[in-house]
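S.K.: Task: produce atomic coordinates for the following.
(2 chains, ligands or ions: 1)
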Amino acid sequence: MVSKIGLIVNPIAGMGGKVGLKGTDGVVEKAIKLGAKPIASQKTVEMLKEFLTNDSKNDDLQWFTSKGDMGGRELKNAGIKEIEIIYEPSGKNTTYEDTKKACKKFLELDIDLLVFCGGDGTARDIFEIVDKKIPILGIPSGVKMHSAVFGINVSATAKMLHEFTEGTLTIGDADIMDLDEDRYRRGEWNIRLFGVAKGIVEPTYIQVGKTCFESVSDDVIKDELTEHIVDEIEQNNNFLYLFGSGGTIDYIATKMNIKNTLLGIDAVHKKKLIGKDLNEEKILKLLKKYPTVKVILSPIGAQGFILGRGNLQLSPAVIKKIGVDNIIVISTPSKLMHTPVIRVDTGDKKLDQMFAEMEFMIVVIGYRLSRVVKIQTNNF
Amino acid sequence: MNRNPTAFLKEEYDELVKNDFDWKLRILETGSTPHSVVDGKEVIMLCSNNYLNLSNHPRLVQGAIDAAKKYGAGSGSVRAIAGTLDIHMEVERRLAKFKRTESSLIYQTGFAANAGLIPQLVGKGDVIISDELNHGSIIDWVRLTKADRAVFKHKDMGELEKVLIDADKKYNKILIITDGVFSMDGDIAPMDNIVELANEYGAMTYADDAHGEGVIGPDGRGIGAHFGIEGKIDVEMGTFSKAFGVVGGLIAGSQDLVNYAYNKSRTWLLSGSHPPAVAGAQIAAIDVLETEPEHVRNLWDNTKYFKKELESMGFDTGNSDTPITPVIVGESSKAKELSNRLYAEGVFALPIVFPMVARDKARIRTMMNAGLTKEDLNVALEKFEKLGKKLVII
Ligand SMILES: Cc1ncc(COP(=O)(O)O)c(C=O)c1O
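M.R.: Numbering: from 1, shown residues only, chains lettered A, B, ... in the order given. Reported below is the predicted structural model:
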């Protein structure tokens, strides 16, 4: 039973958007001058109110938050009276430092879920402190919300919170995305995987009785995926395998006792790590040595990218050499449920066209179990 | 080690009860009839699979009695050793003729047919391609094979073809497996398209037509007949336990299929054959289907009337093409409540809730019976309308 819920509001989240800035990192004052109005507070109150209308058991929940516009005021405005203030920001204008300090308090309190209002930047700040120790759920209010911890809108977030407290949604991996703000304001759009947090996901169900289903944890599914990959590698003993980034592949590698990197590209031969966090040049060198190569990729949650975001080392030259047929895409079914398309953006028109012509990708979702997912290559 | 070896039995059962996941058996004091007595209460039966009401048909009952008198109560053995009576062979001959296939084979149940056959058709290096909404009795055996498994979106021929293109490159044998009539939604697999695609890519086809046998196609001859492709589906699998009103699994197809199946299916080889009374009733069921078209006609007349009336009341009845009519109500708790209240008012229909179906698509699944009269249906409809309004579904 969920009982302790933390709330963090980033009061300035989303202010850049309305005035044409692409985020508020480091440009708050400019945003305010341009007439930006805070929206995070209002969104938080809306979400809380909607949550209260369908949550009959709110009396079981204990709310923890920071003073003032970092959450205390929002809880009160939504009509929640029993709250415990765990942090008090020192200045009037709060910064990411305050978010991080509040997170440290939440860690000490061992809360069950941390709800926040903000964008990718806020998600990243929180994740840097709480890591995988507390699952997080975002009320979308930033300019950029590529991370998989957000509800699609305020109302969906309220529903997720409700279902989580009811026990019908569970905890699983949620990719935290990051983007170079300076490059972004110059018009370059490139996100990358920053880390893998815990978020709220739809569990996978297996039928155990006639109408009786058991929800299986993501780890059980990932164990199945591990078995699948181990089989695959054993069957192709001479192949070199490149392990891509993300939580799913990280889990598999760890289970195989391979000391991989979460965000990098690693090389595995006969189940042994032979190259770690490789750049393009090193990968190309390996491809010269090993004639048969497969690459294992897992889509970024919700976004669906397997190539072109955060793994630029897998350059067009690398992929062409390996061959598109030698890409193995794996995903847990729960990640795939909110990832409707597999996206590719290699930066090479011809290669993208090859993917476009494939139209679909076979995605491994369990032990010797797969399904097809559409490929999208025009990602603008 | 000091352990209680059976403690889990109670612990796990208690857990089921706590979550309200335990199966609550309902007991009938009558046969499975259009008006049954369930847990002491007379109800209009809307959740049996006895679609044609044949389980009570005098010719079936007589067929069972005659066979029991002639051959006795049991068959004495498994089919493979000394348990094949001439009456068993007669069922298979009659069934193949009815299904317009070269041959047929009877198993103890439909479940045993899937269990015995599916794992024998594919193995390592092969692939099974399966509709995402296939029935549990298929899924279990698909999991047990050493073949790879690929799932395609419900009835999505585009996805199926994509999987086939990929499978064609990678695997030896390819088996496409699908429910004929889908038991939750009552819709029908596009078997004509599936067979066409299968032919193009060299795949086998297997249709579990448990809910279509006796229901769809001319004279209720099932999914092959429904699409006019009798004998073209490699394995037409079905059951005598639903519309046929008896019990027993069946497969219909080529002689090669049947020869292979009875030499390889462990459920067929290692488990006792049907009692003669069962075989006698099965033959009578085929007789009735061949000579009394009114049962199938009544079933469809009732179905059309019931669906039309429910829809005009404002109920969402989904995409059914068959006598399985879902009444979609939304939240699981609402479906349970509607079912309970219907029972209290004398209508027996069970809820199907998440995760059997999507969270917001919980439903009452009704199954029509040819033996219900217009008056019966009007009574049931009136209850649906009254309770639907009360629970703000319509
Ligand atoms: C689609 C499907 N296949 C197979 C079966 C099993 O048939 P039987 O009752 O003959 O074992 C059922 C019965 O529930 C079914 O619905």
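
S.K.: what does the stretch 151-300 of chain B put close to chain A?
M.R.: Within the stretch 151-300 of chain B, the positions near chain A by C-beta under 8 Å from any C-beta of the partner chain are B:151-153, B:159, B:162-163, B:166. C-beta: built from backbone N, CA, C; applies to glycine.

S.K.: Which of these are buried, as a ChimeraX select command?
M.R.: Selecting only the buried entries of these in ChimeraX, with 16 or more other C-beta atoms under 10 Å in any protein chain shown as the criterion:
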select /B:151,152,159,162,163,166
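
S.K.: wait, which of the residues of the stretch 151-300 of chain B next to chain A is closest to residue B:256?
M.R.: Taking C-beta to C-beta as the measure, residue B:256 lies nearest residue B:163 of these, at 25.9 Å.

S.K.: got the residue ranges for the strands in the stretch 1-150 of chain B?
M.R.: B:35-38, B:41-45, B:103-107, B:127-131, B:148-152 (DSSP state E, counting those that start in this stretch).

S.K.: Wait, a helix at residue B:380?
M.R.: Yes - when DSSP: H, G, I helix; E, B strand; the rest coil is applied, residue B:380 is found to be in a helix.

S.K.: Now do the contacts for it.
M.R.: By C-beta atoms under 8 Å, 6 or more residues apart in numbering or on different chains, the contact list for residue B:380 reads B:44, B:46, B:306, B:347, B:372.

S.K.: Neighbours of the second one, how many?
M.R.: The reference is to residue B:46. Per other C-beta atoms under 10 Å in any protein chain shown, the neighbour tally for residue B:46 reads 25.

S.K.: now it: how far from residue A:60?
M.R.: 39 Å (C-beta to C-beta, to the nearest Å).

S.K.: So for residue 51, what's the nearest residue that isn't a sequence neighbour?
M.R.: With no chain named, the answer covers chain A. Of all residues beyond its chain neighbours, the one nearest residue A:51 is residue A:158 (4.3 Å), with distances taken as C-beta to C-beta, 6 or more residues apart in numbering or on different chains.

S.K.: not what I meant, chain B
M.R.: Leaving aside its chain neighbours, residue B:51 sits nearest to residue B:243 (4.2 Å; criterion: C-beta to C-beta, 6+ apart).

S.K.: My assumption is that residue A:313 lies in a strand; please confirm.
M.R.: No - looking at residue A:313 with three-state DSSP, it is coil, so not inside a strand.

S.K.: For the closest residue to it other than its chain neighbours, give me its contacts.
M.R.: Once flanking residues are discounted, residue A:313 sits nearest to residue A:280: 4.8 Å by C-beta to C-beta, 6+ apart. For residue A:280, the contacting residues are A:312-315, A:317-318, by C-beta under 8 Å, 6+ apart.

S.K.: again with residue B:45
M.R.: By C-beta under 8 Å, 6+ apart, the contact list for residue B:45 reads B:32-36, B:38, B:348, B:369, B:372.

S.K.: are any of the residues you listed buried, and which?
M.R.: For the contacts of residue B:45, buried by 16+ other C-beta under 10 Å: B:33-36, B:38, B:348, B:369, B:372.

S.K.: which residues of the stretch 251-394 of chain B fall in helices?
M.R.: B:255-264, B:266-269, B:276-291, B:294-313, B:332-344, B:374-390 (DSSP state H, counting those that start in this stretch).

S.K.: could I get the strands of the stretch 1-150 of chain B as JSON lines with mean pLDDT?
M.R.: Shown next, in JSON lines, are these (pLDDT from 0 to 100):
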{"stretch": "strand B:35-38", "mean pLDDT": "96"}
{"stretch": "strand B:41-45", "mean pLDDT": "98"}
{"stretch": "strand B:103-107", "mean pLDDT": "98"}
{"stretch": "strand B:127-131", "mean pLDDT": "96"}
{"stretch": "strand B:148-152", "mean pLDDT": "94"}
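
S.K.: right, so of these, which gets closest to residue B:390?
M.R.: Closest to residue B:390 of these, according to C-beta to C-beta: strand B:41-45, at 18.8 Å.

S.K.: Pull out the buried residues from that closest one.
M.R.: B:43-45.

S.K.: List the strands paired with that strand, with their directions.
M.R.: strand B:35-38 (antiparallel), strand B:347-348 (parallel) (DSSP bridges).

S.K.: Give me the below-cutoff pLDDT ranges for chain A.
M.R.: For chain A, the stretches flagged by pLDDT under 70 are A:1-2, A:16-28, A:55-59, A:180-190, A:206-214, A:379-380.

S.K.: buried ones in the biggest helix by length in it?
M.R.: Ordering each helix of chain A by length in residues (DSSP state H) puts helix A:218-235 first. By 16+ other C-beta under 10 Å, the buried positions in helix A:218-235 come out as A:218, A:221-226, A:228-229, A:232-233.

S.K.: what stretches of chain B score poorly on pLDDT?
M.R.: Judged against pLDDT under 70, chain B has no low-scoring part.

S.K.: Would you map out the domains in it?
M.R.: What automatic domain parsing lists as the domains of chain B is B:9-56+B:294-390, B:58-291.

S.K.: As JSON lines, those with distance to residue A:13 would be great.
M.R.: As requested, the domains of chain B are exported to JSON lines (distance: least, C-beta to C-beta, whole Å):
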{"stretch": "domain B:9-56+B:294-390", "distance to residue A:13": "30"}
{"stretch": "domain B:58-291", "distance to residue A:13": "37"}
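
S.K.: of all these, which lies closest to residue A:34?
M.R.: Ranking those by proximity to residue A:34 (C-beta to C-beta) places domain B:9-56+B:294-390 first, at 42.0 Å.

S.K.: Cheers, nothing more for now.
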